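Trainee: how does the following fold in three dimensions:
(chains A, B and C)
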Amino acid sequence: MNMKIALFIPCLVNQMMPDVAIATLSLLEKLGHQVIFPQGQTCCGQPMTNSGCFNEARNTTLKLLNAFKGVECDAIVCPAASCLVAAKENFHEFDQSQEALDVINKLYELTEFLHDIAPISGFKNKFEHTISLQMSCHGLRMLSLATPSESMGPQFNKVEAVLQSIPGIKIVYPAPRDECCGFGGTFAVDEGAVSAKMGKDKAHAHAATHAQYVVGFDPSCLLHLDGMIRRQLLPIQTRHIAQIIDAAL
Amino acid sequence: MYQSKSHADNATIFCRDENRVDWHSKALWNLREKRDRAAASVPEWEQLRQLGSEIKLHTLSHLGDYLCQFEQKCIENGIQVHWATDASEHNQIALDILSTHSVKKLVKSKSMLTEECHLNPFLEKHGIEVIDTDLGERIIQLNHQPPSHIVVPAIHMKKEEVGELFHQKLNTPKGESDPTRLTRAARKHLRDQFLSADAAMTGVNMAIADLGAVVVCTNEGNADMGVNLPKLQIHSMGIDKIVPDVDSAMVLLRMLARNAIGQPITTYSSFYRGSKVNGEMHIIIVDNGRTDIMQDKILAESLKCIRCGGCLNTCPVYRRSGGFSYNYTIPGPIGIAVGAQHDDSNTIPWACTLCGSCSYVCPTKVPLDKIIAHHRRLKAQQGKLPFGKKYYMPAVGKLMSSPTLLNCAMASARLALNVIPHRLIKPLSGAWGQYRELPVSPTSSFDTWYKQHRASNKGQNNVS
Amino acid sequence: MSHNTASKHAILAALGQSSINQLNQKPDLSSLKSTSILPSELINRFEKGLTSVTGELIYPDNGNSIDLLKDNVAKLIHQGMQVISLVDGIKGNQLMTTHPHELKHIDYAIMPARFAVAENGAIWVDSEQLNGLNAKTHRVLPFICENLVLVLNKDNIVATMHDAPAKMRLHVGDFGTFIAGPSKTADIEQALVVGAHGAFSLKVYLI
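Mentor: The predicted model follows:
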C-alpha cells in the first residue's frame, strides 16, 4: 500500500544527524511511498517541557504543529522516538483543537510505522553483521515498541520484527537489556557524573556483545552512546535503524 | 540558612569511587533480577498490578470513610486509636503513651514513617532508649546514619565495614566480616534488647478497614518478637496504609515481597487485631503532608505506593548515586515523588532521566515518571528551577522556535566542531565533554541537503 | 478509644479537599480465587513453595507423620532439648510459662497450623492454634523458639493467597500470622543468613 508521508525531522536529527533523515527519506521512497518534507519544522519543545518549563516550550511546539497542520498526507513519520513522544504530548498540551488532533493521530515513529501501518518486507541486500539493539526508553515504554523487561505482559518486539528478515542480520542485546543509556536530554549536563556513568556502562554492555553495531531508533541516545564509545575506544559503532533498513532495501 | 547540596553534587561525590558505584549498582540490580523471576512465576502478575492500583485508588478516593470504619473496628477490638496531623504531633503522642507506662527502653521494627517523623532523636531527647531491631536498621543506627534504601537500609555498607562497626560496638573479633557470624552476633545482642524492652513499636504494611487490624511484614521476625514480649505495643501508620478488606490485602501481599526482593512472601506476615492478654495496643494514624499531596491529582497517585522498594532497585540513577544523595528520608523514584516538595535544593526531580522503568516495576502502577515530570513543572511554576534553567530556558525556547536562529547557531556549532581542535572546545562544553567525545559533526543540516537535492526535483526515487 | 479527635477532624476535613476521582470503584477480586486443583497437586506445589522459603516438608511414604514426629520429639528430649508442644498427642518436656520472656529457653516449639498456601509455602497460625490444649499460649512462642515445628493437615492446603481469607480465623481481638520458613535476613551484603531473630528452622509435618 503506497502512502503519502510527511517527514517529521526533529532538530537534533536535522542539525547533527542528517544521514539518519536522508536514510529515512530514502527507505520510505524505496518502499514506494510518496514522501514530502513540510518546511518550517522547529523543536518539539522537549528540552523545555522535560525541565518543567512549559511557557518556554509553547512557541516552538506550536510552530512545529503549524508546520503539519493542513498538510495533506496519510501519515507523519519521525525517525526519533523520544521527540515523537514529546511532540504528541506537547501538541496536545498546547492545542486541543480538532486540527491538532488530526495531526497527532497521524504521528508515527519510524519503526512503529514500518510494523503497524505499512509492514515492511522485501529486503534485497544482505547485512551480514551482528547488531546490538539499543532499546531506548521512550520508544520502549511510552510508544510500546516492545515489551519492556519489567513487564510480565504479552511479549512482543516490533524493532526485532522489522529488522529480522534482513538477510544475514544477527540481533543481540546488551545486559541489562533495556536499561537507560543516561542521556535524558538536559540530564546529561545537569547530572553529568551519573549520566556519564550510565553511558559508560551502556557502551561497555553493547561492546561486550561483540556486535559490530549498536542499532537504535532514538538518535539522541545514539549520539550519547557514540560520544561514550569513542571516549572509551570501544570496537563498536552506532547506527540508526533507518540506515540499516535503507542499506538492506 | 543552610541549603542542602544538589543531588548532582552529592552524586558526583558518590561517583568518584567507581568500584563502589559498580558494587552498589550490581547489588541492587541483583534484587531487580530476583524480582523479575518472582514476578514471572505468577501468570496473573500484570492483572495483580492492575487490581492493586485499582484497590489503592478506590481506597484513596474514599479514604475518610475507610479511616472512620477502621477506627470504629479498632475500638471494637480494644485498640486505642490516635490521630496526628503532622510529625511533631505523632512524636508527642508516642512519647505520651510511653511516658504513661514509664517506658525506658523501646524496641522498634522498621518503619519509614517514624524515620520521616524523626522519632528516634525526639524520644532519645526525652530519655527513652530506642533500639532499632531490623538488622539493617540496627547497623545504620549504630553507624549514626539514616537508611539508604527503604527495604535494605544498609545496602550501602560493605561487610568489612559492618564487621569493623560490630567490632567497635558489639565486641566481635577484629577483622570478622562473615555475614553469618556477624548476624549471629547481632542476634545475640538484639535478643537481650527484646527481653529487656518495656514497649515495642512497629510500622504498618497494611491496615484492614473492615477488621480493624494491622498487617506487619518482616523476614527477620523482629516485629513479632518485639511486639509479643512487653505489654505495650504501638503501631504507626500513614493514612495511605488503609485497604478495605482482607481480600484486597491479599492482592498486595502477593506482590510486596516478590517485587521487593524476589521472595514469594515475607517470612512473617502478621495480623494484629488486638492486644495480647493483659496487654495494650495503640495505633497512631498520621497525615504529615499526605492530605496535601492528595490535593494534586497527579501527585495523589504516589500514595498508592506500598513501599516495596522495587523502583529504587531498578532506577539507574539511584543505583549510581546512592540513597544519601536525595535530601529526603526516602530516596529513589518514590522518594522524589513524595519528597520533592521538602527538598530545599530543588534538584531531586531532575535526578531522573524519565526512563519510566520504575513505573513498569511498580506493583500498584504509581506513574512515577509522570509524577517526577510534574514536580519539575511545579518547581518551574514556583520559580524554583535549579542549574540556572530559569535563565537559560527562555533563551533556548526562543532559539528552538526559530528555524533561522537555530540554523545559524547550529551552523556555527558544526563549524566550530569541525575546525577547532576538540581539546580546545572540551573545557567549554561542560559536563558533556568532560565525560564523552564531542559529536562528529556533519557538514550541513538535512534542511540544507533537502533544498539542494530535493526541493526542486520532486518525485525522483534515488538518493545520492 | 479514640484520641486527638481535633486532629481526626482536621484530617477528615483535608480529605474532603482531595482531588482524586470519587468514582473509582472497588475492583471485583472474585476471579482470582482458584478453581479445583487436585489435593495431590497442591501438596507438590506447597512443598515447592515451602522449600523456596527454606522450610522443610516432612511427609513419609507411609503417611504416618505423627508417629515419626513422636519418635523425633523423644530423640530431641533425649538429647537434652527443651521442647514445648501444643499438638494433641505429642508431649514435650516443657509447659507454658507464666511470662512470655521465660520462653527464651525453648529449643523446639511444636504447634498445630490451620492451613497453608501452596504458592509461597506460607502457613497460617492464629489464636485458636496458639490456645490449643486449653493453655493460654503467649503469642511470642512461634517467634522466640529456636526451632519451629508445625503440624498441618494435608487437606488444609489452598492454592494461592486469594483462597486464604475463607480459611483465616481472626476474631475480635485476635492475632494470626502467615509463617513462611525460618527467620532470615540478607541485610549484610545480601548474603542470606537463616536465623535472624526468630527460629533457625521450620519443619512442617503433613498429616
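Trainee: strands along chain B, start to end?
Mentor: For chain B, the strands defined by DSSP state E occupy B:80-84, B:105-108, B:129-132, B:199-202, B:206-208, B:213-218, B:232-238, B:242-243, B:268-272, B:280-286.
Trainee: kindly reformat these as CSV containing mean neighbour count.
Mentor: (Each C-beta comes from the backbone N, C-alpha and C, glycine too.) Compiled in CSV, the strands of chain B are given as follows (neighbours: other CB atoms under 10 Å in any protein chain shown):
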stretch, mean neighbour count
strand B:80-84, 23
strand B:105-108, 24
strand B:129-132, 20
strand B:199-202, 28
strand B:206-208, 25
strand B:213-218, 26
strand B:232-238, 24
strand B:242-243, 26
strand B:268-272, 26
strand B:280-286, 24
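Trainee: for C:Lys26, find the nearest of these.
Mentor: Among the strands of chain B, strand B:242-243 comes nearest to C:Lys26, with 10.3 Å by CB to CB.
Trainee: paired strands for that closest one, with orientation please.
Mentor: Using DSSP bridges, strand B:242-243 pairs in its sheet with strand B:206-208 (parallel).
Trainee: any chance you could map the helices in the stretch 201-350 of chain B?
Mentor: Using DSSP state H, counting those that start in this stretch, the helices of the stretch 201-350 of chain B run over B:222-227, B:246-261, B:290-293, B:297-300, B:310-314, B:316-321, B:332-339.
Trainee: mind checking how far stretch C:61-79 is from the chain centre?
Mentor: Chain-centre distance of stretch C:61-79: 21 Å, with CA atoms, centre = their mean, to the nearest Å.
Trainee: one step back: can you put the strands of chain B in TSV and add mean pLDDT and distance to C:Ile37?
Mentor: Output for the strands of chain B, formatted as TSV (pLDDT from 0 to 100; distance: least, CB to CB, whole Å):
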stretch	mean pLDDT	distance to C:Ile37
strand B:80-84	98	40
strand B:105-108	98	41
strand B:129-132	98	42
strand B:199-202	98	35
strand B:206-208	98	27
strand B:213-218	98	26
strand B:232-238	98	36
strand B:242-243	98	26
strand B:268-272	98	22
strand B:280-286	98	37
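Trainee: just to revisit the earlier point, out of the helices of the stretch 201-350 of chain B, which is closest to C:Lys70?
Mentor: Per CB to CB, nearest to C:Lys70 of the helices of the stretch 201-350 of chain B: helix B:222-227, 28.6 Å.
Trainee: can you list the neighbours in contact with the closest one?
Mentor: Contacting residues not belonging to helix B:222-227 are listed as B:107-110, B:133-135, B:190, B:194, B:197, B:200-202, B:216-218, B:233, B:268, B:270, B:272, C:139-140, C:143-144, C:177, C:196-198 [CB atoms under 8 Å, 6 or more residues apart in numbering or on different chains].
Trainee: OK, contacts around the closest residue to B:Thr180 other than its chain neighbours?
Mentor: Nearest non-adjacent residue to B:Thr180, counting by CB to CB, 6 or more residues apart in numbering or on different chains: C:Val193, 5.0 Å away. By CB under 8 Å, 6+ apart, C:Val193 lies in contact with B:179-180, B:183, C:184-186.
Trainee: go again using 6 Å as the cut-off
Mentor: B:179-180, B:183, C:185 (CB atoms under 6 Å, 6 or more residues apart in numbering or on different chains).
Trainee: tell me where chain C has helices.
Mentor: C:5-15, C:39-52, C:65-78, C:127-130, C:141-144 (DSSP state H).
Trainee: stretch C:171-191 close to chain B?
Mentor: Yes - Stretch C:171-191 reaches chain B (CB under 6 Å from any CB of the partner chain) through C:172-178, C:180-181, C:183-185, C:187-191.
Trainee: so where is chain C shaky, pLDDT-wise?
Mentor: C:35-36, C:132-135 (pLDDT under 70).
Trainee: what about the closest residue in space to A:Val215 that isn't next to it in sequence, which SS state?
Mentor: Nearest residue to A:Val215, sequence neighbours excluded (CB to CB, 6+ apart): A:Ile131, at 4.3 Å. Three-state call for A:Ile131 (DSSP: H, G, I helix; E, B strand; the rest coil): strand.
Trainee: ok, now which ones touch A:Ile131?
Mentor: A:171, A:211, A:213, A:215.
Trainee: check what pLDDT the last one gets.
Mentor: Right, the one you point to is A:Val215. On pLDDT, A:Val215 comes in at 98.
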